[in-house]
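K.L.:
I'll drop the sequence and a predicted model, then ask my questions.
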Amino acid sequence: MKSNNPFTRHGIEHLSPSKINLWVTDPALFIGTYLCGMKGSYGAAAFRGTATEFALNKKIVNPELSNNAVEEFLYSNFNEQCSERNISMENEKAQKERKSLKAYYDQAFNVYQDFGIPDHYQHKIYYSIHEDLPTPFLGYIDFVFKDTVRDLKTTARIPSSISSSHQRQLAVYSKAFPDKDLWVDYVSTKQGVSYKVQDTQQILNQVIKISLGLQKFLSISDDPHELASMVYPNYDSWMWSEEMKQQSKKVWSNE
């Protein structure tokens with residue numbers, strides 16, 4: 001029997017902050033990725049954050065852990081992620097990111113060292129955020145402490161304020177821990193800055209509105225190529241790798 005859920009009809013079994021943010025930022029890339037089967041490649045920069053978080057959690061859970069042991073966790077986790085994505089350690093960008101790992105970790109530890117032991121690390125959430133959205137949200141919270149939910153972001157440059165996309169991400173997490181303050185911790189190789197998410201309910205309402213809009217768009221047609229014909233890629237965006245541009249020719253007939 002055909003589902004009346006436009007998300008599942010297009011193979012989307014769950015929503016996530018990253019999906020919603022991509023829909024807002026680049027609808028064509030969302031359609032190409034989630035509806036038309038385009039697959040992008042991960043750069044080494046994508047793994048520095050998870051490696052930093054992994055080593056940081058090891059240290060704050062076990063303060064007696066030696067610096068050598070922490071560095072082993074840090075580098076081995078990064079190497080493992082690169083290997084899984086077939087990124088060679090001889091790759092120039094991979095080498096650059098690997099060399100910066102310790103600096104990112106040190107700044108992250110400076111931010112987190114006084115928070116105590118987290119109640120949860122990479123805590124999974126899975127629930128519906130609105131009665132008119134039949135598809136649940138899936139996400140993973142970096143750190144949950146007694147009074148706070150915190151998300152760690154490694155970045156080349158510290159922003160002057162929390163980004164809208166990160167506000168939406170934390171607002172989704174707030175449904176799981178409504179009584180906790182929400183923080184985003186931005187860490188560069190030189191410093192760490194923390195921002196508290198304000199007006200959480202207002203931002204969550206924004207997420208719901210975006211999700212309902214996406215649902216309405218997907219309900220227009222079960223044919224992903226028909227939906228793709230309603231938008232066009234912005235190839236000037238940094239989000240479009242050469243690999244993705246090549247794959248998109250099958251969707252948008254660029255030649």
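P.N.:
Great, that's in hand.

K.L.:
helix or strand for the residue most central in space within the chain, which one?
P.N.:
Taking Cα atoms, centre = their mean, the centroid of the chain lies closest to residue 18, which sits 5.1 Å from it. In the assignment (DSSP states H and E), residue 18 maps to helix 17-25.

K.L.:
got the buried residues for the longest helix that the chain contains?
P.N.:
Determined from DSSP state H, the single longest helix within the chain is helix 92-112. By neighbour count on 16 or more other Cβ atoms under 10 Å, the buried set for helix 92-112 is 94, 97-98, 100-102, 104-105, 107-109, 111-112. The way it works is simple: take the backbone N, C-alpha and C, and place the C-beta from them, glycine included.

K.L.:
For the closest residue in space to residue 181 that isn't next to it in sequence, grab phi and psi.
P.N.:
Spatial nearest neighbour of residue 181, chain neighbours left out: residue 148 (4.9 Å); criterion: Cβ to Cβ, 6 or more residues apart in numbering. Per-residue torsions, residue 148: phi -140, psi 150 (degrees, to the nearest 10).

K.L.:
what's residue 148 in contact with, if anything?
P.N.:
By Cβ atoms under 8 Å, 6 or more residues apart in numbering, residue 148 lies in contact with 115, 180, 181, 182, 183.

K.L.:
Could you export the buried residues of helix 92-112 as a markdown table, including pLDDT?
P.N.:
Listed next are these as a markdown table, based on pLDDT from 0 to 100:
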| residue | pLDDT |
| --- | --- |
| 94 | 84 |
| 97 | 89 |
| 98 | 90 |
| 100 | 94 |
| 101 | 95 |
| 102 | 96 |
| 104 | 97 |
| 105 | 97 |
| 107 | 97 |
| 108 | 97 |
| 109 | 97 |
| 111 | 97 |
| 112 | 97 |
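
K.L.:
quick check, nearest of those to residue 197?
P.N.:
residue 111 (16.1 Å; Cβ to Cβ).

K.L.:
does the closest one really touch residue 188, like I thought?
P.N.:
No - here residue 111 lies out of contact with residue 188, judged by Cβ atoms under 8 Å, at a distance of 11.2 Å.

K.L.:
the strands in this structure, which residues?
P.N.:
120-127, 137-144, 148-154, 181-187, 192-196 (DSSP state E).

K.L.:
Kindly state which of those is positioned closest to residue 8.
P.N.:
Closest approach to residue 8 among the strands of the chain (Cβ to Cβ): strand 137-144, 13.9 Å.

K.L.:
Report the buried residues of that closest one.
P.N.:
For strand 137-144, a neighbour-count test (16+ other Cβ under 10 Å) marks 137, 138, 139, 141, 142, 143, 144 as buried.

K.L.:
now do stretch 25-44
P.N.:
In stretch 25-44, counting by 16+ other Cβ under 10 Å, buried: 26-36, 38, 43-44.

K.L.:
ok now do the nearest residue to residue 140 once chain neighbours are set aside, which residues does it touch?
P.N.:
What sits nearest to residue 140 in space, not counting adjacent residues and going by Cβ to Cβ, 6+ apart, is residue 122, at 5.0 Å. Neighbouring residues of residue 122 by Cβ under 8 Å, 6+ apart: 53, 140, 141, 142.

K.L.:
Please convert these to a markdown table, extending it with distance to residue 241 and pLDDT.
P.N.:
Formatted as a markdown table, the contacts of residue 122 follow (distance: Cβ to Cβ, whole Å; pLDDT from 0 to 100):
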| residue | distance to residue 241 | pLDDT |
| --- | --- | --- |
| 53 | 24 | 96 |
| 140 | 24 | 96 |
| 141 | 28 | 96 |
| 142 | 26 | 96 |
